[in-house]
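Colleague: Pasting the sequence and the predicted model now:
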Amino acid sequence: MLLSLLLQAVAEVSNSAGLAVMGAGIGAGLVALGVGLGIGRIGGSAMEAIGRQPEASGRIQTAMLIVAALIEGLGLFAVVVCLLISFKLRG
Amino acid sequence: MKRLLSVLFCILTLPVFASEHEGGAKKEESFSPGEMILHHIGDSHEWHWFSTDNDHFTSYLPIIAYRPGKGVSVFSSKNLAPKHGEEHGAEYEGLKLEHEHLVSTDGGKVYDFSITKNVASLLLSSVLLLVVFTAVARGYNKNHGRAPRGIQSFFEPIIIFIRDEVAKKSIGPKYERYMPYLLTVFFFIWFNNLLGLMPGAANLTGNIAVTLTLAVLTLIITLASSNKNYWAHIFATPGVPKALLPIMIPVELIGVVVKPFSLMVRLFANITAGHIVILSFISLIFIFKSPAVAPVSLAFGLFINVLELLVAILQAYIFTLLTAMYIGGAVEEHHDADYQMGGGDGAEPAHAHGH
């Protein structure tokens, strides 16, 4: 219901560029959600693993950083797409 | 040492102030954060240090343009700069700058070979890399057999780390051939990431053309050092039933190209996004038009700036590690574990199987 209200409000402006930029914003937010969830899970598992075997914490930390960077890379793919949309429509 | 660190820390806060000058326009024009940010992260034909209310402190870089039929034109970009008080740039020798693109006034094709800000930054950082690493190499010559001293002792742990944790673990016994490339890529990306965070610096590793070149180099080295086993894994992935091969082969072929592509986008996006976040925090002050936002804005900006230091070395490490892993995949020898379903986990390096 909220979504249809929102869409109505934006559509009345009859400015499709506004809808697109809103879409880009929502997209970026969703990406942030996804990345946060993903990296949070990795961090959580890493913490547990370090707790179980503190001697291996160096290796676990390295692996955690690598996976976090990979997930972040994917998130930034999507952020770049959203930024491109919003910058294209401004100019 | 403590004094050096505190001076360095003070310098790091400077980018937080440098772009404030951009807001002090002579006429009352509305502040466009998108435009300011794009201008700061993009390339430019001149190196703009800062502006005061009356002056622009800019280093004018040479424009080198080739137009078919009119030959090569070389001149300072000062000729194309807007005259005092004007909006748009001037025209010189039939060329003018539109949004940092060199266009010909008669609409012809222009090949732009100018020394832009990014090119100048690239040349400067290459000189820096050469100076630093020839000093390190000379250190090894002088201190042969003894403990390292000076700048050599700073870089040795990092070089050993790349050799042991990245190259040996990922590539295996043939790692020495690839060490020069891996070390170059690591230090090039790290130095340029760090330099990009300095006040007034060029955003070099956030330029997708630069990261594209690095990714293409990785692809070329991977393909050039690939052996039969690598292509066998692509065209006849072990353990895959024959019926699935028509799907697997295109997927694997696309994978060969997508992996360097992801290297390119990962580095570009991480560095550019970091710069955009810092610039956005500063623009908040100008969007709200209130100095009360400044302490919060600067605090967040400083935090992100220091985080970017971590991102600088992390992204360099990730690029190098993934490059080493792709090269390792290409030079890997065949192990029988590939054909066993559920036997042999491939955790041991290839040479342990007695080949």
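Modeller: Yep, it's here.
Colleague: Helices of chain B, start to end?
Modeller: Read by DSSP state H, chain B holds these helices, from start to end of the chain: B:2-12, B:15-18, B:33-41, B:117-142, B:151-161, B:169-171, B:179-196, B:208-224, B:228-235, B:245-288, B:294-331.
Colleague: closest one to residue B:52 among these?
Modeller: When the helices of chain B are ranked by proximity to residue B:52, the top entry is helix B:15-18, at 12.4 Å, counting by C-beta to C-beta. In short, each C-beta sits where N, CA and C put it, glycine included.
Colleague: So for that closest one, mean pLDDT?
Modeller: In this model, helix B:15-18 carries a mean pLDDT of 49.
Colleague: ditto for stretch B:122-134
Modeller: Model confidence over stretch B:122-134 averages 95 on the pLDDT scale.
Colleague: Repeat that for stretch B:153-167.
Modeller: Averaged across stretch B:153-167, the pLDDT comes to 92.
Colleague: Quick check: which ranges of chain A have low pLDDT?
Modeller: Regions of chain A meeting the criterion pLDDT under 70 cover residues A:9-14, A:90-91.
Colleague: and residue B:83, what are its phi and psi?
Modeller: Backbone torsions for residue B:83, taken as degrees, to the nearest 10, come to phi -70, psi 160.
Colleague: Now do the contacts for it.
Modeller: Each residue near residue B:83 by C-beta atoms under 8 Å, 6 or more residues apart in numbering or on different chains is listed here: residue B:90.
Colleague: Residue B:171 too?
Modeller: Residues in contact with residue B:171, defined by C-beta under 8 Å, 6+ apart, are B:178, B:324, B:327, B:328, B:331.
Colleague: Pull out the buried positions in the longest helix anywhere in chain A.
Modeller: The helix of greatest length in chain A, counted in residues with DSSP H as the criterion, is given as helix A:16-52. By neighbour count, and taking 16 or more other C-beta atoms under 10 Å in any protein chain shown as the criterion, the buried residues in helix A:16-52 are A:21, A:24, A:27, A:28, A:31, A:35, A:38, A:39, A:42, A:46, A:49, A:50.
Colleague: From these, pick the one nearest residue B:279.
Modeller: When the buried residues of helix A:16-52 are compared for distance to residue B:279 (C-beta to C-beta), residue A:28 comes out closest, at 16.4 Å.
Colleague: what's residue B:115 sitting at in phi/psi?
Modeller: The phi and psi values for residue B:115, taken as degrees, to the nearest 10, are phi -80, psi 100.
Colleague: Give the burial count for residue B:146, as a bare number.
Modeller: As a burial measure, the neighbour count of residue B:146 was computed by other C-beta atoms under 10 Å in any protein chain shown and equals 7.
Colleague: what's the nearest residue to residue B:165 if we skip its chain neighbours?
Modeller: What sits nearest to residue B:165 in space, not counting adjacent residues and going by C-beta to C-beta, 6 or more residues apart in numbering or on different chains, is residue A:62, at 7.6 Å.
Colleague: Which secondary structure element is home to the one you found?
Modeller: Here residue A:62, judged by DSSP states H and E, is contained in helix A:57-90.
Colleague: need the contact list for residue 56.
Modeller: Since no chain was named, I'll use chain A. With contact set as C-beta under 8 Å, 6+ apart, residue A:56 has these partners: A:49, A:50.
Colleague: wrong one, chain B
Modeller: Residues in contact with residue B:56, defined by C-beta under 8 Å, 6+ apart, are residue B:48.
Colleague: how much space is there between it and chain A?
Modeller: In this view, residue B:56 and chain A are 23 Å apart by C-beta to the nearest C-beta, to the nearest Å.
Colleague: Retrieve the pLDDT associated with that residue.
Modeller: 78.
Colleague: how many other residues sit next to residue B:202?
Modeller: 26.
Colleague: I'd like to know how many residues surround the residue nearest to it when sequence neighbours are not counted.
Modeller: The shortest distance from residue B:202 to any residue other than its chain neighbours is 3.6 Å, reached at residue B:121 (C-beta to C-beta, 6+ apart). Neighbour count of residue B:121, defined by other C-beta under 10 Å: 22.
Colleague: one step back: check which helices and strands the helix holding residue A:62 sits against.
Modeller: Judged by 3 or more C-beta pairs under 8 Å, 6 or more residues apart in numbering or on different chains; DSSP states H and E, helix A:57-90 is in contact with helix A:16-52, helix B:33-41, helix B:245-288, helix B:294-331.
Colleague: angle of the first one against helix A:57-90?
Modeller: The one in question is helix A:16-52. For helix A:16-52 against helix A:57-90, the angle by axes from the mean of the first three to the mean of the last three C-alpha atoms, to 10 degrees is 180 degrees.
Colleague: In stretch B:318-338, which residues are buried?
Modeller: Taking 16+ other C-beta under 10 Å as the basis for neighbour counts, the residues of stretch B:318-338 that come out buried are B:318-332, B:334-335.
Colleague: list the contacts for residue B:185?
Modeller: Counting by C-beta under 8 Å, 6+ apart, residue B:185 makes contact with B:214, B:217, B:218, B:316, B:319, B:320, B:323.
Colleague: Please report how far the first one lies from residue B:323.
Modeller: Right, the one you point to is residue B:214. Taking C-beta to C-beta, to the nearest Å as the measure, residue B:214 and residue B:323 are separated by 9 Å.
Colleague: Need the residues touching each of the two.
Modeller: Common neighbours of residue B:214 and residue B:323 (criterion: C-beta under 8 Å, 6+ apart): B:185, B:263.
Colleague: Return the residues of chain B in contact with chain A.
Modeller: B:34, B:38, B:165, B:262, B:265-266, B:268-270, B:272-273, B:276, B:314-315, B:318, B:321 (C-beta under 8 Å from any C-beta of the partner chain).
Colleague: From the residues you listed, list just the buried residues.
Modeller: Using 16+ other C-beta under 10 Å as the threshold, B:34, B:38, B:262, B:265-266, B:268-270, B:272-273, B:276, B:314-315, B:318, B:321 are the buried ones among these.
Colleague: Considering the residues you listed, which member attains the minimum pLDDT?
Modeller: Of all those, residue B:34 has the smallest pLDDT value, namely 79.
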